[in-house]
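Participant: Let's see this in three dimensions:
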Amino acid sequence: MDGDSNQRVVWLLNHTTLREFEVPLLRSLGLEVYCPKRFPRNPDNRSASVSYQFDESLTLPESELATLNDFDFYSEPFTPRIRQILNDRFGSIVVAYMFPMFEQVLASFRGRILLRTFGSTHPTYTYYSFAREVASPAFERLIARCSQRFWFAQAYPNLKTIEPPLIQRRSVDLPLGLPERVTRHQNTWVGGQAKILFVCPEIDTYQESKQIYNEFKSHFGDLGHVICGAQSKPTTDPAVLGKVDDETYSQFFRTCNVMFYHSRLPRHIHYHPLEAICYGMPVVYMQQGMLGQLTDRKLPGACETISEARAKVDRLIGKQDAFLSQQIRESQSEIYHLFTKEYALERWNKEFVQGILQRPVLATQRSGQLGILPLANHSSIRKSCKNLIEICGQRVRFRLGSLDKWDPQSQTSSLMPFAWKTLSNQQLRYVQRLSGHAQRCSEPVTLVPDDGVCDFMDCDAWIIVGDRCWAPIAPIKPYIFYFTQPAAGVPLSNSVQRWTAQSLQNAHAVFVDTAEDRDLLTKEYGISQDWIFLVDENFNGEDLWRITQNIP
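Facilitator: Next up is the predicted model:
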């Protein structure tokens, strides 16, 4: 880790409006910020984009920046090179609650991890319960292992209240705000259009959005209205305008007489009511929702029932009740204050810069030992194991597994007799929960070493040595696959080739002796060269130590 790493932050989110506010805020606090350049293109990320504008301020080697920019953090396993750059160059990662990315960060990054949370669109679903459904069996052990350098970075103080103690204890309030693109329009609302501004994206994509749309039309459809929000599928309603350009959207904020915000969710809020409040537009909203939770009193725009909301909208849409309009607009300053740059800057400086960044990051407890495990007992594998031992030298501790039967003369301090045994899929998931390491495997059985003592689980990682597997290696421990020259005249069956491919693909790095072997793995097994290391005369103990230090 270089000396400036604590001043660098990886910001693994791609929400456009959030980035426009939060990244400049971090930079104003003296931090360098890296933003990812690839994200999933689907309706869930309709508000996402990429930006290269902050790259110039990063004091990173150009080759490392290019590697980061080419990588898909959201869906790809972190390569050895990515893990090394993150751990060497950055002190903190702010990460979205998206899988498998969040789990990859927990497993691979040794610095501070801030899970950036903005609330759930489900009234009772917690972040923790969702993870238990979509994450690997190792998630609970994994997050517990990172607990002293993990923070639940909530944008609103009530998000933690339904989470388990593990998360409540690690929560920190880091408010979000509105970017200058929005705040430059502060108090520019004039009204004049007898219309409700309503925002409802993806009406025909999600059942939830369809229900929100139908309820709005049922209660307010007889009044003038415009409905904005990106639509992947076209609708027949002329009031649904889809995603409009910035100028048109801004014009609606300035001229529509009222916005109705439908949400009753107590732990989630969208940006558009906050933008409307910034413009000075009167917003009618539900008291049960997040807007109602942000203040200690019920403000004039808040409503307990939809009937109350309809009555207030009726009084505002024709501008016949100027007093109510003024009351709502003036009271909204209590909400707007919580989303200003000044408020956020004070909180981020206190909680993040003066708080989290000042806490030492405790090193992950490791045994400092590798387990070298041959897949078979023949000359080429023994030769590769011997080569590994010479490379380890004094730099890397190891324990060599032997497929020979134990005898009293065995040097058990470094040589451990063992045999390969199989685990059922059910047994595998149980072991993964205990080990804190897991990758999905659909095969009915997997291979594990059995030494009759601790099965090499006390090692930091394994190095599997061989050219074929008769079942996939069980993903219960991080491992490197040292692929040896295939035995001449011994063909691989389709099943053995498939299981070997799975084992190679689950490896955290792959070693080969020759460029020909590297090409074979690329062509026959689909292994990217980003994962393959050539163990030649230039490869030494320092290289091995650096690779194993960045294995999760």
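Participant: ok, and the closest non-adjacent residue to the most centrally placed residue in the chain?
Facilitator: Nearest to the geometric centre of the chain sits residue 102, at 3.1 Å (CA atoms, centre = their mean). Nearest residue to residue 102 in three dimensions, chain neighbours excluded: residue 95, at 5.5 Å (CB to CB, 6 or more residues apart in numbering). Glycine gets a C-beta too; all of them are placed from N, C-alpha and C.
Participant: go on, residue 197?
Facilitator: Per CB to CB, 6+ apart, closest to residue 197 is residue 256, 4.1 Å.
Participant: what's near enough to touch that neighbour?
Facilitator: 191, 193, 195, 196, 197, 226, 281 (CB atoms under 8 Å, 6 or more residues apart in numbering).
Participant: all strands of the stretch 401-550 of the chain, in order?
Facilitator: For the stretch 401-550 of the chain, applying DSSP state E, counting those that start in this stretch gives strands covering 415-417, 419-424, 445-450, 461-466, 479-483, 509-512, 532-534.
Participant: Report the angle between the fifth one and strand 461-466.
Facilitator: Computed with axes from the mean of the first three to the mean of the last three CA atoms, to 10 degrees, the direction of strand 479-483 lies at 20 degrees from that of strand 461-466.
Participant: List the strands paired with strand 479-483, with their directions.
Facilitator: Its sheet considered, strand 479-483 pairs with strand 461-466 (parallel), strand 509-512 (parallel) by DSSP bridges.
Participant: Now do it: everything it contacts.
Facilitator: So strand 479-483 is contacted by 384, 388, 461-467, 473, 503-504, 506-512, 517, 521, 535, 547-548, 551 (CB under 8 Å, 6+ apart).
Participant: and of the strands of the stretch 401-550 of the chain, who's closest to residue 17?
Facilitator: Residue 17 sits nearest to strand 509-512 of all those, at 38.6 Å, using CB to CB.
Participant: for the closest one, the distance to its chain's centre please.
Facilitator: 27 Å (CA atoms, centre = their mean, to the nearest Å).
Participant: follow-up on the earlier one: with distance to residue 235, mean pLDDT and mean neighbour count as added columns, please give the strands paired with strand 479-483 in TSV.
Facilitator: Shown next, in TSV, are these (distance: least, CB to CB, whole Å; pLDDT from 0 to 100; neighbours: other CB atoms under 10 Å):
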stretch	distance to residue 235	mean pLDDT	mean neighbour count
strand 461-466	54	97	25
strand 509-512	50	97	24
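Participant: which one of these lies closest to residue 56?
Facilitator: Nearest of these (CB to CB): strand 509-512, 32.2 Å.
Participant: re the thing from before, relative to residue 245, which of the strands paired with strand 479-483 is closest?
Facilitator: strand 509-512 (47.8 Å).
Participant: Please identify which of the strands paired with strand 479-483 is closest to residue 340.
Facilitator: Closest among these, using CB to CB: strand 509-512, at 47.2 Å.
Participant: List the contacts of that closest one.
Facilitator: 80, 463, 480-483, 504, 518, 521, 527, 531-535, 547, 551.
Participant: Restricted to buried residues, select the residues you listed in ChimeraX.
Facilitator: Here is the ChimeraX command that picks out the buried ones among the contacts of strand 509-512, judged by 16 or more other CB atoms under 10 Å:
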select :80,463,480,481,482,483,504,518,521,527,531,532,533,535,547,551
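Participant: Check which residues of stretch 390-397 are buried.
Facilitator: Buried, per 16+ other CB under 10 Å, within stretch 390-397: 391, 392, 396.
Participant: mind listing which of the contacts of residue 256 are in strands?
Facilitator: 193, 195, 196, 197, 226 (DSSP state E).
Participant: Nearest to residue 106 among those?
Facilitator: Looking across the ones in strands among the contacts of residue 256 and measuring by CB to CB, the closest to residue 106 is residue 197, at 40.7 Å.
Participant: The closest one is in contact with residue 281, isn't it?
Facilitator: Yes: with contact defined as CB atoms under 8 Å, residue 197 and residue 281 form a contacting pair (7.4 Å).
Participant: When those two are compared, which one has more neighbours?
Facilitator: residue 281 (28 against 24; other CB atoms under 10 Å).
Participant: ok, back up a step: pull the contacting residues for the residue nearest to residue 102.
Facilitator: 10, 12, 13, 101, 102, 105, 113, 114, 115, 116.
Participant: just residue 110 next, same as before
Facilitator: Contacts of residue 110 by CB under 8 Å, 6+ apart are 87, 361, 363, 364.
Participant: if we can go back for a sec, which pair of the contacts of residue 256 spans the longest distance?
Facilitator: Farthest pair in those, by CB to CB: 191 and 226, 14.0 Å.
Participant: Mind listing the shared neighbours of residue 197 and residue 281?
Facilitator: In contact with both residue 197 and residue 281: 253, 256, 258, 259, using CB under 8 Å, 6+ apart.
Participant: Buried ones only from these, please, as a PyMOL command.
Facilitator: Isolation of the buried members of those (16+ other CB under 10 Å) is achieved in PyMOL through the command below:
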select buried, resi 253+256+258+259
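Participant: Reformat the shared contacts of residue 197 and residue 281 as TSV; add secondary structure, distance to residue 121 and pLDDT.
Facilitator: Formatted as TSV, those follow (DSSP: H, G, I helix; E, B strand; the rest coil; distance: CB to CB, whole Å; pLDDT from 0 to 100):
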residue	secondary structure	distance to residue 121	pLDDT
253	helix	23	98
256	strand	25	97
258	strand	24	98
259	strand	19	98
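Participant: Out of the shared contacts of residue 197 and residue 281, give me the two with the largest separation.
Facilitator: 253 and 258 (11.4 Å).
Participant: what is in contact with those two at once?
Facilitator: With CB under 8 Å, 6+ apart, residue 253 and residue 258 have common neighbours 197, 281.
Participant: Against which helices or strands is the host helix or strand of residue 65 packed?
Facilitator: Secondary structure from DSSP states H and E places residue 65 in helix 62-70. Packed against helix 62-70 by the contact rule (3 or more CB pairs under 8 Å, 6 or more residues apart in numbering; DSSP states H and E) you find helix 80-89.
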